[in-house]
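In: Sequence first, predicted model second:
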Amino acid sequence: MLEIGQIIAVIKEKLPAAVVEEVLDGVDPFVVVKAEQWGETARLCRDDSRLGFDLLSCISGVDYPEREEGPEIEVVYHLDSTVNHHGLTIKVKLPRSDPRVASVEEIWRTADWHERETYDLVGVVFEGHHNLVRILCAEDWVGHPLRKDYEPPDSFHGIKNVIY
Amino acid sequence: MSEIENRNPDPLTKNVVFMSVIDDVINATRANSVWPLTFGLACCAIEMMATGAAKYDLDRFGSGPFRGTPRQSDLMIVAGTVTHKMAPRVKRLYDQMPEPKYVIAMGGCVIRGGPYVKHGYHVVKGVDLLIPVDVYIPGCPPRPEALLEGIFKVQKLMKREKNTRSDQANDQAGSLPARLTRSDLKKWLCSKLGKS
């Protein structure tokens, strides 16, 4: 089992440029990984025996339309190791206008449906995903409902959607 | 008749002829053998299952064999949130049920969208926007007793059904002649299809 600082040190040792930000205080310490290097970082996290993150617990998409740095979408990955009994939270920040990030579906099979859900509700495009289609909303739904500026349709296939 | 007399030793029913209106007989049999469609969409379905199970025992009231196909069902209990993605499927199942068919809207979501009425972009705001509903059961979810009461209401509706009476024929008098011969039917069909 490694402490959060040691985990970050292992990542930095292999990929020195990947970690761009560390927030180690708070309930859930996290690191921010550069979007371009997320694919490599993910593979390292799973394959390095000191890290051994064999379980991807969760993928979340968060919409921040009013950030100082410009509108952003964050994708949050919660990793866990069933071997080493430690965890890591990784965030990837993407521009809100064109959020694209590498798919980790081939690294953790769990990511398949999680990425489809994040695509469906927040609109993040996971490059390299074999079947990036909506998973919860209807196939021909328009828009991504969990974006902050989302306006629900007045009707869908002729069924009224507004009562009041 | 003499054979029946001989075989029936019960003095109470001996030689008794029972007369009734055929509609009442049909409706009584129908109302006491309500076959609901096995069809649950969300948490209300759990209450529906509880209604069918031992404690509330829906079978006591002449209902309960939940059918696995709409073609054998005469009651659709819409139990649970109907989403826009599910809506075409609900409509299709309803269309596949044979007439006469009845619909129970069970729970707040099915009646008017329930907690999703304002911000639930994905929820149909009442299943009656899709299919006609006979009985509404409020609750979130309704207790099994409420569902039983709803099924009693459906049974009452079933007992009002008109199957054979002449007033039903009068309703359709404009479309079909009262006494049909083969040539009448052919003529009527041709006129409907616009052929000679």
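Out: That came through fine. Given the structure is predicted, the values throughout are model-derived calculations rather than measurements.
In: thought residue A:131 was touching residue A:119?
Out: No. If you go by CB atoms under 8 Å, residue A:131 and residue A:119 don't touch, sitting 10.5 Å apart. Glycine gets a C-beta too; all of them are placed from N, C-alpha and C.
In: and those two? which has more neighbours close in?
Out: residue A:119 (21 against 10; other CB atoms under 10 Å in any protein chain shown).
In: packing partners for the lengthiest helix in chain B?
Out: In chain B, taking DSSP state H as the definition, the longest helix is helix B:144-159. In terms of contacts (3 or more CB pairs under 8 Å, 6 or more residues apart in numbering or on different chains; DSSP states H and E), helix B:144-159 is packed against helix B:22-31, helix B:44-52, strand B:75-79, strand B:102-106, strand B:135-137.
In: For the chain, which residues score under the pLDDT cut-off?
Out: With no chain named, the answer covers chain A. The model of chain A has pLDDT under 70 over residues A:164.
In: wrong chain, I was asking about chain B
Out: Checking chain B against pLDDT under 70 turns up B:1-8, B:13-16, B:165-182, B:185, B:196.
In: where does it come near chain A, residue by residue?
Out: B:84-85, B:87-88, B:112-113, B:117-118, B:121-122, B:124-126, B:129-130 (CB under 8 Å from any CB of the partner chain).
In: now residue A:107: how far from residue A:28?
Out: To residue A:28, residue A:107 is 22 Å away according to CB to CB, to the nearest Å.
In: list the buried ones in the longest helix of chain B?
Out: Across helix B:144-159, burial judged by 16 or more other CB atoms under 10 Å in any protein chain shown covers B:144, B:146-148, B:150-151, B:153-155, B:158.
In: Need the max-distance pair from the residues of chain B next to chain A.
Out: Spanning the widest gap among these are B:88 and B:118, at 23.8 Å by CB to CB.
In: The longest helix of chain B relative to strand B:75-79, how many degrees between them?
Out: Using axes from the mean of the first three to the mean of the last three CA atoms, to 10 degrees, one finds that helix B:144-159 and strand B:75-79 are set 150 degrees apart in direction.
In: Between strand B:102-106 and helix B:144-159, find me the angle.
Out: Relative orientation of helix B:144-159 versus strand B:102-106 (the same axes, to 10 degrees): 160 degrees.
In: Need the CA coordinates for helix B:144-159. PDB is fine.
Out: Coordinates of each C-alpha in helix B:144-159 appear next as PDB, following Å, rounded to 0.1, in the frame of the first residue of the first chain:
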ATOM      1  CA  PRO B 144     -50.700  -3.300  -2.500                       C
ATOM      2  CA  GLU B 145     -54.100  -2.500  -1.000                       C
ATOM      3  CA  ALA B 146     -54.400   0.500  -3.400                       C
ATOM      4  CA  LEU B 147     -53.500  -1.700  -6.400                       C
ATOM      5  CA  LEU B 148     -56.100  -4.200  -5.300                       C
ATOM      6  CA  GLU B 149     -58.700  -1.400  -5.100                       C
ATOM      7  CA  GLY B 150     -57.600  -0.400  -8.600                       C
ATOM      8  CA  ILE B 151     -58.100  -3.900  -9.900                       C
ATOM      9  CA  PHE B 152     -61.600  -3.900  -8.300                       C
ATOM     10  CA  LYS B 153     -62.300  -0.800 -10.200                       C
ATOM     11  CA  VAL B 154     -61.200  -2.400 -13.400                       C
ATOM     12  CA  GLN B 155     -63.400  -5.400 -12.700                       C
ATOM     13  CA  LYS B 156     -66.400  -3.000 -12.200                       C
ATOM     14  CA  LEU B 157     -65.500  -1.500 -15.600                       C
ATOM     15  CA  MET B 158     -65.400  -5.000 -17.100                       C
ATOM     16  CA  LYS B 159     -68.900  -5.700 -15.800                       C
END
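In: How far does that helix sit from its chain's centre?
Out: Centroid separation for helix B:144-159 versus its chain: 11 Å, with CA atoms, centre = their mean, to the nearest Å.
In: What residues does chain A have near chain B?
Out: Applying CB under 8 Å from any CB, we find that chain A lies next to chain B at A:136-138, A:141, A:145, A:150, A:152-153, A:156-157, A:159-164.
In: Please produce a PyMOL select command covering the buried subset of those residues.
Out: Those of the residues of chain A next to chain B that count as buried under 16+ other CB under 10 Å are selected in PyMOL with:
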select buried, chain A and resi 137+138+141+145+156+159+161
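In: Now, the residues of chain A next to chain B that are in strands?
Out: Taking DSSP state E as the definition of strands, those contribute A:156, A:159-160.
In: tell me the contacts of residue A:67?
Out: Not one residue lies near residue A:67 by CB atoms under 8 Å, 6 or more residues apart in numbering or on different chains.
In: I'd like to check which residues are in contact with the residue in chain B positioned nearest to chain A.
Out: For chain B, the residue closest to chain A is residue B:121, as judged by CB to the nearest CB, at 3.5 Å. Contacts of residue B:121 were listed using CB under 8 Å, 6+ apart, and they are A:145, A:150, A:152-153, A:161.
In: how does it look with 6 Å?
Out: A:145, A:152 (CB atoms under 6 Å, 6 or more residues apart in numbering or on different chains).
In: could you say which helix or strand contains it?
Out: Residue B:121 belongs to no helix or strand when elements are defined using DSSP states H and E.
In: excluding its backbone neighbours, what's nearest the residue in chain A positioned nearest to chain B?
Out: Per CB to the nearest CB, the residue of chain A with the smallest distance to chain B is residue A:152, at 3.5 Å. Spatially, and ignoring its direct neighbours in sequence, residue A:152 is nearest to residue B:121 (3.5 Å; CB to CB, 6 or more residues apart in numbering or on different chains).
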